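Participant: Fold the following and give me the result.
(one chain, ligands or ions: 1)
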Amino acid sequence: MIPFSPPRMDQRIVDEVVDTLYSGWITTGPKTKKFEKMLTAYGGHRVTLCVNSGSAGLELMLRWFGVGPGDEVIVPAYTYAASANVVVHCGATVVFADSNPDFNLSVESIRKAITPHTKVIIPVDIAGWPCDYDAINALVREPGIQQLFNPVTKPQQMLNRILILSDAAHSIGAWYKGRMAGNLTDITVYSFHAVKNLTTAEGGAVCLNLPEPFNHDELYRDLNAKSLHGQTKDALAKMQIGSWRYDIIEPGYKYNMTDIQASMGIVELERYNDDMLVRRKHIFDRYALAFSKYPWALPPVYQTDERRSSYHVFLLRIKGITEGQRDQIIREIFNRDVAVNVHFVPLPMMTYYRNAGYRMQDYPNAYDNYAHEISLPVYYDLTDGMVDTVVSAVASSVRTVIG
Ligand SMILES: *Cc1c(COP(=O)(O)O)cnc(C)c1O
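Facilitator: Below is the predicted model of the structure:
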């Protein structure tokens with residue numbers, strides 16, 4: 001069986017983790033701080049806070065902005081549940097928007113979803129393909145839209161418009177018009193979950209890039225405390241001689257990253273551009289070339305002059321099939337010992353959201369993308385021979401099902 005997405009693991013990662021394990025400091029400490037600095041340099045944004053998951057990062061920032069009951073947050077119908085669940089956790093209302101043919105949030109659909117209750121938009125770079133950030137950033141600054149905004153909390157008053165909180169769980173290393181994902185909107189959140197491009201087993205990071213008059217050093221201190229029970233000193237700071245006393249300034253959360261996680265991230269980030277992304281791009285190119293021979297195949301767009309993917313997963317679509325035929329093709333592919341996936345079942349189709357009253361027919365493009373989609377494996381250890389095996393398994397499965 002060719003697996004879908006095993007993590008890259010080797011002696012360098014093992015050595016760095018073991019170094020941490022024996023260092024006398026295994027939770028948030030020097031390695032997490034080092035990883036944060038590396039991420040800031042990599043993304044080109046202002047400051048980074050590491051957390052224990054991408055979901056935690058998204059929720060932390062919604063809470064920081066003061067999102068709660070009565071507020072609306074615009075989320076793509078086509079994404080993983082994390083992007084919307086965090087909104088529900090805050091007691092706010094999820095407002096889904098439809099997709100483009102490139103799988104990302106449609107800007108026109110966002111425009112239609114905006115109301116005086118809208119506080120945040122969460123665009124998602126599906127499969128590592130950056131959203132149209134110039135259009136999204138311009139939209140929230142349009143005078144007519146800005147006037148609708150009702151600032152209540154201090155951060156809302158300081159920003160004085162809808163916040164763009166981008167879910168870049170898939171897109172570390174992607175770029176848009178020469179700028180890296182992380183540096184394209186107000187706030188960007190990465191995930192380092194085990195199946196993501198860059199993994200720390202579990203983990204995430206918040207990349208801050210807010211406009212004037214936000215002070216990023218102050219923000220970092222605030223958010224760092226918020227991610228650790230609102231405590232004014234973290235465990236490392238309390239270790240300093242005479243530094244035992246601390247205060248709790250608010251009932252914060254327990255979202256901090258450990259140095260064990262950060263050790264993996266440090267090794268992965270050091271070789272991310274020159275090794276991981278090179279390999280992933282090679283796999284994408286090989287799939288794209290192979291599928292260009294088949295008239296039924298619609299490979300994803302992953303590079304143009306203005307945008308470059310992080311090559312997270314290869315979202316192949318099969319033209320002219322029904323959802324049922326797609327499911328049959330997937331069964332056939334598994335019978336040929338290849339693991340594939342679907343990214344994603346749109347959220348209005350999930351029991352919780354369906355029961356909450358959302359209807360899939362309101363998001364026709366998201367449904368259309370989903371019904372034709374099969375995600376193919378992309379990972380560091382996937383060899384050219386394995387890529388060719390995946391392509392033949394898909395091609396012969398499509399032949400079996402649609403003739
Ligand atoms: C993985 C993922 C997340 C959540 O990341 P975690 O680190 O697992 O919390 C959020 N959004 C999308 C689109 C994801 O794929």
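
Participant: Can you tell me how far the closest residue to residue 339 other than its chain neighbours is from residue 331?
Facilitator: Spatially, and ignoring its direct neighbours in sequence, residue 339 is nearest to residue 4 (4.1 Å; CB to CB, 6 or more residues apart in numbering). C-beta here means a position set from N, CA and C on the backbone, and glycine is covered the same way. The spacing between residue 4 and residue 331, counted by CB to CB, to the nearest Å, is 15 Å.

Participant: who has more neighbours, these two?
Facilitator: Neighbours per residue (other CB atoms under 10 Å) separate residue 4 from residue 331, with residue 4 holding more: 17 against 11.

Participant: Would you mind listing the outside residues contacting stretch 258-277?
Facilitator: For stretch 258-277, contacts defined as CB atoms under 8 Å, 6 or more residues apart in numbering pick out 8, 12-13, 16-17, 19-21, 23, 25-32, 34-35, 38-39, 42, 50, 52, 172-173, 192, 197-203, 310-311, 380.

Participant: Would you tell me whether that stretch gets close to the ligand?
Facilitator: No: judged by CB under 6 Å from any ligand atom, stretch 258-277 stays clear of the ligand, getting no closer than 11.0 Å.

Participant: Just the buried positions in that stretch, please.
Facilitator: When burial is assessed from 16 or more other CB atoms under 10 Å, stretch 258-277 yields the following buried residues: 258-269, 272, 276-277.

Participant: and if you look at stretch 313-323?
Facilitator: Residues 313, 314, 315, 316, 317, 318, 321 are the ones in stretch 313-323 that count as buried (16+ other CB under 10 Å).

Participant: Please apply the same query to stretch 188-207.
Facilitator: Neighbour count says stretch 188-207 has 188-193, 195-200, 202-207 buried, by 16+ other CB under 10 Å.

Participant: What of stretch 109-125?
Facilitator: 109, 110, 113, 114, 118, 119, 120, 121, 122, 123, 124, 125.

Participant: Of those residues, which are in range of the ligand?
Facilitator: Among the buried residues of stretch 109-125, proximity to the ligand is found for residue 124 (CB under 6 Å from any ligand atom).

Participant: returning to what we had before: go ahead and build a ChimeraX selection from the buried members of the contacts of stretch 258-277.
Facilitator: Buried subset of these, written as a ChimeraX selection, criterion 16+ other CB under 10 Å:
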select :8,13,16,17,20,25,26,27,28,29,31,32,35,38,39,42,50,52,172,173,192,197,198,199,200,202,203,310,311,380
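
Participant: So which of the contacts of stretch 258-277 are in helices?
Facilitator: Those of these mapping onto helices are 12-13, 16-17, 19-21, 30-32, 34-35, 38-39, 42, per DSSP state H.

Participant: Of all pairs in those, which one spans the longest distance?
Facilitator: The span of the ones in helices among the contacts of stretch 258-277, defined through CB to CB, is set by 21 and 42 at 25.4 Å.

Participant: mind checking the SS state of residue 158?
Facilitator: Secondary structure, DSSP: H, G, I helix; E, B strand; the rest coil: residue 158 is helix.

Participant: Can you get me a residue count around the spatially closest residue to residue 126 that is not a sequence neighbour?
Facilitator: Excluding the flanking residues, the one nearest residue 126 by CB to CB, 6+ apart is residue 103, at 4.1 Å. Per other CB under 10 Å, the neighbour tally for residue 103 reads 26.

Participant: so what's residue 103 up against?
Facilitator: Residue 103 touches 78, 126, 127, 129, 300, 315, 369, counting by CB under 8 Å, 6+ apart.

Participant: I figured the fourth one hits residue 307, correct?
Facilitator: Read that as residue 129. Yes: using CB atoms under 8 Å, residue 129 makes contact with residue 307 at a distance of 6.9 Å.

Participant: Give the full set of residues in contact with residue 199.
Facilitator: Here residue 199 is in contact with 7, 8, 192, 193, 264, 265, 268 (CB under 8 Å, 6+ apart).

Participant: 6 Å instead, please
Facilitator: 7, 192 (CB atoms under 6 Å, 6 or more residues apart in numbering).

Participant: Then residue 366?
Facilitator: Applying CB under 6 Å, 6+ apart, the residues near residue 366 are 77, 78, 98, 99, 346.

Participant: circling back: as CSV, the buried residues of stretch 313-323 with distance to residue 73, pLDDT and secondary structure would be great.
Facilitator: Shown next, in CSV, are the buried residues of stretch 313-323 (distance: CB to CB, whole Å; pLDDT from 0 to 100; DSSP: H, G, I helix; E, B strand; the rest coil):
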residue, distance to residue 73, pLDDT, secondary structure
313, 25, 97, coil
314, 29, 98, strand
315, 25, 98, strand
316, 31, 98, strand
317, 28, 98, strand
318, 33, 98, strand
321, 33, 98, coil
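
Participant: Around the ligand, pick out the residues from the stretch 1-150 of the chain.
Facilitator: Residues of the stretch 1-150 of the chain lying near the ligand (CB under 6 Å from any ligand atom): 53, 54, 55, 79, 80, 82, 83, 124.

Participant: quick one: which of those sit in helices?
Facilitator: 54, 55, 82, 83.

Participant: Mind putting these into JSON lines with pLDDT and neighbour count?
Facilitator: Converted to JSON lines, those look like this (pLDDT from 0 to 100; neighbours: other CB atoms under 10 Å):
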{"residue": "54", "pLDDT": "98", "neighbour count": "27"}
{"residue": "55", "pLDDT": "98", "neighbour count": "24"}
{"residue": "82", "pLDDT": "98", "neighbour count": "22"}
{"residue": "83", "pLDDT": "98", "neighbour count": "25"}
